[in-house]
Every structure is written in structure tokens, then in C-alpha cells.
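Colleague: The sequence and its predicted three-dimensional model are supplied below.
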Amino acid sequence: MEEYRIIEKSIIKKFRKTIWSKFIKTIKKYNLIEENDKIAVCISGGKDGFLLAKCLDELKRHGIFKFDLVFITLNPGYNEENIKSIKKNANLLNIKLKIIDTEIFKIAKKHKKSPCYLCSKIRRGTLYSEAEKLGCNKIALGHHFNDVIETIMMNITFNGTFSSMLPIIKSDNFENIKLIRPLYNIEENDIIKWVNYNKLNFKNYECPIDNKKNISSRNKTKKTIEYLKNNYYKDFDKNLLKATENINQETLLNKIN
């Protein structure tokens, strides 16, 4: 059996409970995929995007309805070594990857005050534009459970807002495209276990733009969540996500007349 088939099988068998079942449950619960969808699967080069690609590819081959997939990597300005690493993993996992070269890093660097915001904005706009050119009606991103929880905590802590990262969003500027997050309920630690079990090697593609403040904020948030789970309540993270579905609006300050 070819190596990529063994890796695919591990998702269905070895990690059925922690990855595959949660993936399927999320798809069904939020109606993320429908008949005749054409989905642009965004792979930045890390573990999350490649797992997402394999899960969606497996669903396409064994699912109950038809849909199409296009696997794309938006190259914001990676060096040649990083691009070779992404291509190597795509070949190993039997993913036909379309790499779209851009100068996003170069453009963002020129914006001294908020290069990270500009980089994110350009990436998102370019991604939607490319998906539209390819005839896609959905874009799939590899955000997982921990990304969602950390985002909620960061919004509360640093922005003073109670807002979440949703599993499906309709674009404001591209009316025919929706963004979906099929790994929404899969925990990062289980993704890491899948990577280690299959002896896969994914690089961390660090941004060349100085982003120490944002990295520090997310790391602090991650550590805070782990501390609360380990020292106070083990389901703190799960209840935090549940809270976004159970908001008692009558108790909010903005409801006071």
C-alpha cells in the first residue's frame, strides 16, 4: 500500500473518534458542504491545512453527494526552501496543489504602522479573488478548535468584545462565496498526534514581518487557557465555546434602557 493511502486510512481508523467523527459532525451540523459545491482548499503549508485537505478528499471519494475540490497555496513571498517543503508534502500526500505566487510580504512590509493587518487583508482578498477565478463557491480554511477558543479569549482580553470565529461565513465583498472551517471542533493536540503517528514533517512558516506583539498575545492566551484547564476546570475551553451559543441577551449592559 502506498504511503499516502496509509496516512488516509489512519484518519478513518486510528483517529476516527478524535478527528474523522468530529469533522463529519461539524460538516453536518453547520451544513458546510452541499451538492455540487466547488471548494478551494487553502493550504498554507502547515499541519492543519494538509489534514483539512486529506479529510475533504476522503469525504469526496466516499461521501453521499458530489462536490469538487481545488487545492491552493497562496505564496505570500516564501523563500525557495519553504516552497520546496510545501511541494514535497503535497506530493507525499497525493495532493495536486496549485501554488499562486504573490508579493504580499513585500507590499505589507512597506506599511510600517500595521503591516500584519494589511498582510491579512491582502491575503483574504487575493484568496477570494483566486477562488472566484477558479469557479469556486466556497473556501475551506484549516482553523481548528484551539484557534477558535484563543480568538474568543483574545477578543475579550485585548479588544473588550465578545465575538467568535464562525464555522461558516458569507463574504461581504464576494456574494457568491462562503468561507468554511471544517476542523472547527478538532483539537490541535489530536492533529499533532496524527502528524507524529504518520511521521510527517511540516515546517512553521514564520512571517518575515516583525509580529512579536501578536505572537506574544496569542502565546499568552494559549498558556492562560491551559492554566485554567489544568488548575480550575478541565472543560473550560469547551464551555467557552458553548457560551457563544448560550448568550442571555437580557443580562447584557447594552440592554439597559
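Modeller: Everything's here; your move. Numbers count the residues shown, from 1 in each chain.
Colleague: contacts and neighbour counts: CA atoms only from here.
Modeller: Fine.
Colleague: Show me the strands in the stretch 51-200 of the chain, by range?
Modeller: Here the stretch 51-200 of the chain has its strands, by DSSP state E, counting those that start in this stretch, at 68-75, 97-101, 138-140, 168-170, 178-180.
Colleague: Residue 121: which of those is closest?
Modeller: Distance to residue 121, taken as Cα to Cα, is lowest for strand 68-75 among the strands of the stretch 51-200 of the chain, at 13.2 Å.
Colleague: Quick check: neighbours of the closest one in the sheet, parallel or antiparallel?
Modeller: Strand 68-75 pairs in its sheet with strand 38-42 (parallel), strand 97-101 (parallel), by DSSP bridges.
Colleague: tell me the contacts of the spatially closest residue to residue 52 that is not a sequence neighbour?
Modeller: Take residue 52 and drop its neighbours on the chain: the residue closest to it by Cα to Cα, 6 or more residues apart in numbering is residue 142, 5.9 Å away. Residues near residue 142 by Cα atoms under 8 Å, 6 or more residues apart in numbering: 42-43, 48-49, 51-52, 181-183.
Colleague: Report the buried members of the residues you listed.
Modeller: 42-43, 48-49, 51-52, 181-183 (16 or more other Cα atoms under 10 Å).
Colleague: Dump those residues into JSON lines; add distance to residue 108 and pLDDT as well.
Modeller: Formatted as JSON lines, the buried ones among the contacts of residue 142 follow (distance: Cα to Cα, whole Å; pLDDT from 0 to 100):
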{"residue": "42", "distance to residue 108": "20", "pLDDT": "96"}
{"residue": "43", "distance to residue 108": "20", "pLDDT": "95"}
{"residue": "48", "distance to residue 108": "24", "pLDDT": "96"}
{"residue": "49", "distance to residue 108": "23", "pLDDT": "96"}
{"residue": "51", "distance to residue 108": "29", "pLDDT": "98"}
{"residue": "52", "distance to residue 108": "28", "pLDDT": "98"}
{"residue": "181", "distance to residue 108": "26", "pLDDT": "98"}
{"residue": "182", "distance to residue 108": "29", "pLDDT": "98"}
{"residue": "183", "distance to residue 108": "29", "pLDDT": "98"}
